[in-house]
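Novice: turn this into a model:
(4 chains)
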Protein chains: 2
Amino acid sequence: MDETAPQKGTVTQRAMEQIKAMIAEGRLEPGQRLPTERDLAVQLGLSRSSMREAIRALTVLGVLEARHGSGIYVTQLEAGDLLETFGVVADLSRGPRLVELLEVRRVLESTATALAAARISPDQLAEVEKHLTAMNTTDDPEEILAHDLAFHREIAAAAGNDTMAAILEGLSSRTFRARVWRGYEEEGAFDRTRREHAAIHRALVAHDPEAARAAAAAHVGEVEQWLRTQLGS
Amino acid sequence: MDETAPQKGTVTQRAMEQIKAMIAEGRLEPGQRLPTERDLAVQLGLSRSSMREAIRALTVLGVLEARHGSGIYVTQLEAGDLLETFGVVADLSRGPRLVELLEVRRVLESTATALAAARISPDQLAEVEKHLTAMNTTDDPEEILAHDLAFHREIAAAAGNDTMAAILEGLSSRTFRARVWRGYEEEGAFDRTRREHAAIHRALVAHDPEAARAAAAAHVGEVEQWLRTQLGS
DNA sequence: ACCAGCGGAGTGGTCCGACCACTACCGCTC
DNA sequence: GAGCGGTAGTGGTCGGACCACTCCGCTGGT
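Specialist: Presented below is the predicted three-dimensional model:
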């Protein structure tokens, strides 16, 4: 007659599901503070050790945030919080899957750039231009890469779809770009990159979505094709 | 003089980074078995409790897999393994972000369907048709939803980009579809859905990528627009 | 020689209790 | 009233103990 029920999986997994359910059902609001680890363990009927594993897991998923000495809080549950783990995929992918990731990025990046062309504000455009010129007036590869990332990040932000922007952010994770671009840029692709960025910028200024889509697709497609040939050898 | 170094973040986070680095550097191959929790804890210089938290975290990220009584193994690191967490995003998203997710899905689904139209094999096409007819010959909403999911899953698989298919799988997670479609289908959208699926199928049979892209975009776009109006009220 | 069954060694899963590191807040001092 | 110091409470870490499960070799029979 025991009501403690089904015993699916480990106690830790069950605890994770319960907390996720509490959030999904609205019993826990974004930003809200949870009971202490010790109290939660008692409430859900497990040890603090197992409770901590559940909390840690939800923390890396971007659902919870633990502040040492303060407490455990629900994140804002925004796209950026939850999609941070996307970077792990990019970091651990090799070979053919890198091409697949670039294909996904090409599709999303071209769409985001097209949306940005239609919606971008003068302020946002100025920010894009800032990174564009900064990228063209230095020779430090590290700095170029940083402004390159920022250039595309600003455009993605201007597209108005935070989720899409967060995914693109993960697909452009620092280690990912560093690995792929290291070889790409060594082959003197800087000039081509500059021209492609300029084309994207022109389309944004003209508020021409189709031109922006084409320019962005070509931009990512270049890297994609280069990587395809690399894998062949 | 101590070489143990910088002390960034918690010991658990450090352990996670070390294991990820071992995999990224190729010192741990997919499918390979790791040392025991106890040995790992000693090697990385932390307690078993903290080590377990790191392992649990990497487990939910789809990087490691723990088999009770057997050992800890590196997953195959395929797209499906690493992108399983994507479903959490869909499960915990509400309001405007649901629309954003559908927008991302529309972009990817239309591209995947276009790719599938060009590449799909007779066997794969037969599988798609199986779910299409099954979907049209039953009235059980649960069964319809299941075949609907399988219909799109087969198409995504035929597109030949496992990463894209895995992302779409996450965007179509059971709870996500159930929540959105519950209301959508109640408004008598079954017939429209049937027609749209038929259009997608025709384009696949004709191996017409552009028609397939348009049909898929319209299909997802319908739900997207419906959801937009719902949020307005 | 074969194989079904048993058992033990080894592994992840869970729990406990203690202590450390840090934060927040209250009350005291000036 | 502002600044300061202490203290209660929080998450972070540790070590050890025991449980549940898997795997494999041994045993005994056929």
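Novice: would you mind measuring from the residue of chain A found nearest DNA strand C to A:A41?
Specialist: Residue of chain A nearest DNA strand C, by Cβ to the nearest atom of the strand: A:G69 (2.3 Å). Placement of C-beta: from N, CA and C, glycine included. Relative to A:A41, A:G69 is positioned 19 Å away (Cβ to Cβ, to the nearest Å).
Novice: repeat for A:A90
Specialist: 35 Å.
Novice: who has more neighbours, A:G69 and A:A41?
Specialist: Using other Cβ atoms under 10 Å in any protein chain shown as the criterion, A:G69 and A:A41 rank with A:A41 on top: 20 against 4.
Novice: and the pLDDT for the more buried one?
Specialist: pLDDT, A:A41: 98.
Novice: what sits against A:H207?
Specialist: Taking Cβ atoms under 8 Å, 6 or more residues apart in numbering or on different chains as the contact definition, A:H207 lies against A:117-118, A:120.
Novice: 6 Å instead, please
Specialist: Taking Cβ atoms under 6 Å, 6 or more residues apart in numbering or on different chains, we find A:H207 in contact with A:A117.
Novice: before we move on, back to that, confirm the residue of chain A closest to DNA strand C sits in a helix?
Specialist: No: assigned with DSSP: H, G, I helix; E, B strand; the rest coil, A:G69 falls outside any helix and is coil.
Novice: quickly note the distance from it to A:T36.
Specialist: A:G69 sits 12 Å away from A:T36, going by Cβ to Cβ.
Novice: same deal with A:G183?
Specialist: Note on A:G183: its distance to A:T36, by Cβ to Cβ, is 50 Å.
Novice: also A:G9?
Specialist: Counting by Cβ to Cβ, the gap from A:G9 to A:T36 is 25 Å.
Novice: before we move on, what about A:T193?
Specialist: Note on A:T193: its distance to A:T36, by Cβ to Cβ, is 51 Å.
Novice: the more surrounded of those two?
Specialist: Neighbour tally, A:T193 and A:T36, criterion other Cβ under 10 Å: the higher count belongs to A:T193, 19 against 13.
Novice: ok, which stretches of chain A are strands?
Specialist: Shown for chain A, the strands assigned by DSSP state E span residues A:64-67, A:71-74.
Novice: how about a markdown table for these, with mean neighbour count, mean pLDDT and distance to A:M135 added?
Specialist: Converted to a markdown table, the strands of chain A look like this (neighbours: other Cβ atoms under 10 Å in any protein chain shown; pLDDT from 0 to 100; distance: least, Cβ to Cβ, whole Å):
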| stretch | mean neighbour count | mean pLDDT | distance to A:M135 |
| --- | --- | --- | --- |
| strand A:64-67 | 16 | 98 | 34 |
| strand A:71-74 | 17 | 98 | 38 |
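Novice: so can I have JSON lines of those strands showing distance to B:L145?
Specialist: Putting these into JSON lines (distance: least, Cβ to Cβ, whole Å) gives the following:
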{"stretch": "strand A:64-67", "distance to B:L145": "30"}
{"stretch": "strand A:71-74", "distance to B:L145": "29"}
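Novice: between those strands, which gets nearest to A:H201?
Specialist: strand A:64-67 (37.0 Å; Cβ to Cβ).
Novice: near chain B, which residues of chain A are found?
Specialist: Within chain A, the residues that sit near chain B (Cβ under 6 Å from any Cβ of the partner chain) are A:53, A:56-57, A:60-61, A:77, A:82, A:85, A:88-89, A:92, A:100-101, A:103-104, A:107, A:111, A:161, A:163-164.
Novice: residue nearest the centroid of chain A?
Specialist: Nearest to the mean C-alpha position of chain A, counting by Cα atoms, centre = their mean, stands A:G170 at 2.8 Å.
Novice: domains for chain A, by residue range?
Specialist: Following automatic domain parsing, chain A resolves into domains at A:11-77, A:82-232.
Novice: let's have those in TSV, adding distance to B:A178.
Specialist: Below are these laid out as TSV (distance: least, Cβ to Cβ, whole Å):
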stretch	distance to B:A178
domain A:11-77	12
domain A:82-232	19
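Novice: lowest mean pLDDT across the ones you listed, which one is that?
Specialist: domain A:82-232 (a mean of 93).
Novice: got a list of what A:M51 touches?
Specialist: A:37, A:40-41.
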